[in-house]
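Engineer: Quick one, fold the following:
(one chain, ligands or ions: 3)
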Amino acid sequence: MVRAAVLESVGSPVVIRELELAAPRAGEVRVRMLASGVCHSDLHVRDGEWDRPTPIVMGHEGAGIVDAVGPGVTTPRIGQLVALSWLVPCGICRSCRRGHVWACPDSPSYRHTLADGKTAFRGVRSYCAIATMAEASVVPAAAAIPVPDGTDPAVAALIGCCVTTGVGAVLKTAAVPAGASVAVIGLGGVGLSCVMGAAVAGASRIVAIDRVASKLAVATAVGATDTILADGDAASTLRALRDLTDGGPDYIFEAIGRPETVELAIAALPLGGTAVLVGMTPLRDRASFEVYPFVDGSRRILGSNYGFAEPSIDFAKYAAWTLDGRLPVDRLIDRRIGLDDVEDAFAAMRRGEYTRQIIDFA
Ligand SMILES: NC(=O)c1ccc[n+]([C@@H]2O[C@H](COP(=O)([O-])OP(=O)(O)OC[C@H]3O[C@@H](n4cnc5c(N)ncnc54)[C@H](O)[C@@H]3O)[C@@H](O)[C@H]2O)c1
Ligand SMILES: [Zn+2]
Ligand SMILES: [Zn+2]
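Structural biologist: Ligands and ions are numbered 1, 2, ... in the order given. Purely as a prediction, here's the structure:
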């Protein structure tokens, strides 16, 4: 039996249950979880902002040790530390055929089951097929990506979602050139990863914006050159941002997922500027902007899913960059909790507390 954080229905509190976990079959591996991050995408589901089938074991940002493999599985091997990918591309859809695996809509991960539709936990689905908020999980072998020895499991967990999402949004989706000015609004794990990505890109200015003051200090520690406390109205935030960036940032990353901050990001764009939408709103939310100046000024909006991740390539690269100090991911982790504290972690996240909370299974 395995202890796991289960959402019985969207909008209700997560409960800890003991569940039966099937043995891995062909194409599957079992992972003994070492660490799981708490990402706002879990909270969207918990709060009923996104529809997901239930009951479901939560968590999609995790890392652990492979302790059993199904028949014929050669990668990963038993004993390897793996970071878990929340998207395993189907390999045959239009996006996959173009190599845009991060945009695969037919991924089995989105069915929250194993490839054949079966559930690893009896009668309970696994969020994004990986269910990281559990002591152990049976996942598609392709979702379990080995990372270099010496990687801190908590850091490996964050590579599974927020690091890949934020760093990839900067380096892959936007391909920010050296010397560009960058702003990031929203400094949770995702936004701070955008800040780290902008530093790797060699941005000349990195302006970090949040309404919670404690987030700004962390942003500075991971590479921001300037900060804005967004505790007033949008107009004063915009004014401060324009002052710092010669009229507006070349690139602005929205890492919250609320219509008002999406609109603020678009409004902040100078001529030729690019807004990259990384935060995800509640389903069906809409945002609007004035079309004429947007077109006239050759502005751009890009959507970025999973930082355009190719997990089997990118995870090892980002892990190597944490080991050589380029990505100070450990600075993001400011609270370690047990599995029983998931609801408490969600409450703290709603209040804007902590940059990244980690469930420590060790
Ligand atoms: N595109 C993707 O593939 C992808 C992947 C992972 C997460 N996400 C999304 O990214 C978003 C951020 O995730 P996270 O885990 O970093 O969340 P988080 O809750 O940890 O961080 C959000 C931050 O935004 C700040 N904030 C909220 N409202 C604000 C406002 N009006 N002005 C300024 N700051 C404000 C909060 O204080 C907090 O620091 C979520 O919507 C999540 O679902 C997207
Ligand atoms: Zn996430
Ligand atoms: Zn596909």
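Engineer: Please identify which residue in the stretch 251-362 of the chain comes closest to ligand 2.
Structural biologist: Closest residue of the stretch 251-362 of the chain to ligand 2, C-beta to the ion: Y306 (8.7 Å). For every residue, glycine as well, the C-beta is placed using N, CA and C.
Engineer: Same check on the stretch 1-150 of the chain?
Structural biologist: As assessed by C-beta to the ion, ligand 2 sits closest to C39 within the stretch 1-150 of the chain, at 3.1 Å.
Engineer: who's in contact with the residue of the stretch 251-362 of the chain closest to ligand 2?
Structural biologist: Applying C-beta atoms under 8 Å, 6 or more residues apart in numbering to Y306 gives the contacts W86, L87, W102, C161, T164, T165, G168.
Engineer: make it 6 Å
Structural biologist: Neighbour list for Y306: L87, W102, T165 [criterion: C-beta atoms under 6 Å, 6 or more residues apart in numbering].
Engineer: To what extent is the first one buried, counted in neighbours?
Structural biologist: Burial of L87 is recorded as 24 neighbouring residues (other C-beta atoms under 10 Å).
Engineer: How about the one 10 residues further on?
Structural biologist: Per other C-beta under 10 Å, the neighbour tally for R97 reads 9.
Engineer: if I look at it, how far off is P328?
Structural biologist: Using C-beta to C-beta, to the nearest Å, R97 is found at 37 Å from P328.
Engineer: Pull up the residues of the stretch 101-250 of the chain that are close to ligand 1.
Structural biologist: With C-beta under 6 Å from any ligand atom as the criterion, the stretch 101-250 of the chain meets ligand 1 at residues 161-162, 165, 185-191, 209-212, 215, 230.
Engineer: Kindly recompute the last result at 5 Å.
Structural biologist: Proximity of the stretch 101-250 of the chain to ligand 1 is confined to T165, G186, L187, G188, G189, V190, D210, R211, V212, K215, A230 under the rule C-beta under 5 Å from any ligand atom.
Engineer: Closest to V82 out of these?
Structural biologist: Nearest to V82, judged by C-beta to C-beta, of these is T165 at 18.2 Å.
Engineer: for the closest one, helix, strand, or coil?
Structural biologist: Secondary structure, DSSP: H, G, I helix; E, B strand; the rest coil: T165 is helix.
Engineer: Look up how far V101 lies from the nearest residue to it once chain neighbours are set aside.
Structural biologist: Nearest residue to T165, sequence neighbours excluded (C-beta to C-beta, 6 or more residues apart in numbering): G307, at 4.6 Å. To V101, G307 is 12 Å away according to C-beta to C-beta.
Engineer: same check, this time on A198
Structural biologist: Distance, A198 to V101, using C-beta to C-beta: 24 Å.
Engineer: Between these two, point out the one with more neighbours.
Structural biologist: Neighbour count, other C-beta under 10 Å: between A198 and V101, A198 has more, with 34 against 21.
Engineer: Please name the residues that touch that one.
Structural biologist: A198 touches V170, V182, I206, counting by C-beta under 6 Å, 6+ apart.
Engineer: Let's see that with 7 Å instead.
Structural biologist: Going by C-beta atoms under 7 Å, 6 or more residues apart in numbering, A198 touches V170, V176, V182, I206, G223.
Engineer: Quick check on the residue of the stretch 1-150 of the chain closest to ligand 2: phi, psi?
Structural biologist: Dihedral angles phi and psi of C39 (degrees, to the nearest 10) take the values phi -110, psi 150.
Engineer: That one reaches E61, doesn't it?
Structural biologist: Yes: taking C-beta atoms under 7 Å as the definition, C39 is a contact partner of E61 at 5.0 Å.
Engineer: Okay, helices next: where are they in the stretch 1-150 of the chain?
Structural biologist: Along the stretch 1-150 of the chain, the stretches classed as helices by DSSP state H, counting those that start in this stretch are 40-46, 94-97.
Engineer: Out of these, which one sits most buried?
Structural biologist: Mean neighbour count (mean count of other C-beta atoms under 10 Å) peaks for helix 40-46 among these, with a mean of 22.
Engineer: Next, see if it gets close to ligand 1.
Structural biologist: Yes: on the criterion C-beta under 5 Å from any ligand atom, helix 40-46 is in touch with ligand 1 at H40, S41.
Engineer: thinking again about what came up before, so which of the contacts of A198 sit within helices?
Structural biologist: The helices, defined by DSSP state H, take in nothing from those.
Engineer: could you redo those residues as JSON lines and give each row neighbour count?
Structural biologist: Output for the contacts of A198, formatted as JSON lines (neighbours: other C-beta atoms under 10 Å):
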{"residue": "V170", "neighbour count": "30"}
{"residue": "V176", "neighbour count": "26"}
{"residue": "V182", "neighbour count": "30"}
{"residue": "I206", "neighbour count": "29"}
{"residue": "G223", "neighbour count": "22"}
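Engineer: Include pLDDT when you put these into a markdown table, please.
Structural biologist: Output for the contacts of A198, formatted as a markdown table (pLDDT from 0 to 100):
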| residue | pLDDT |
| --- | --- |
| V170 | 99 |
| V176 | 99 |
| V182 | 99 |
| I206 | 99 |
| G223 | 98 |
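Engineer: Taking those residues together, which two end up most distant?
Structural biologist: Taking C-beta to C-beta, the two most distant members of the contacts of A198 are V176 and G223; they sit 12.7 Å apart.
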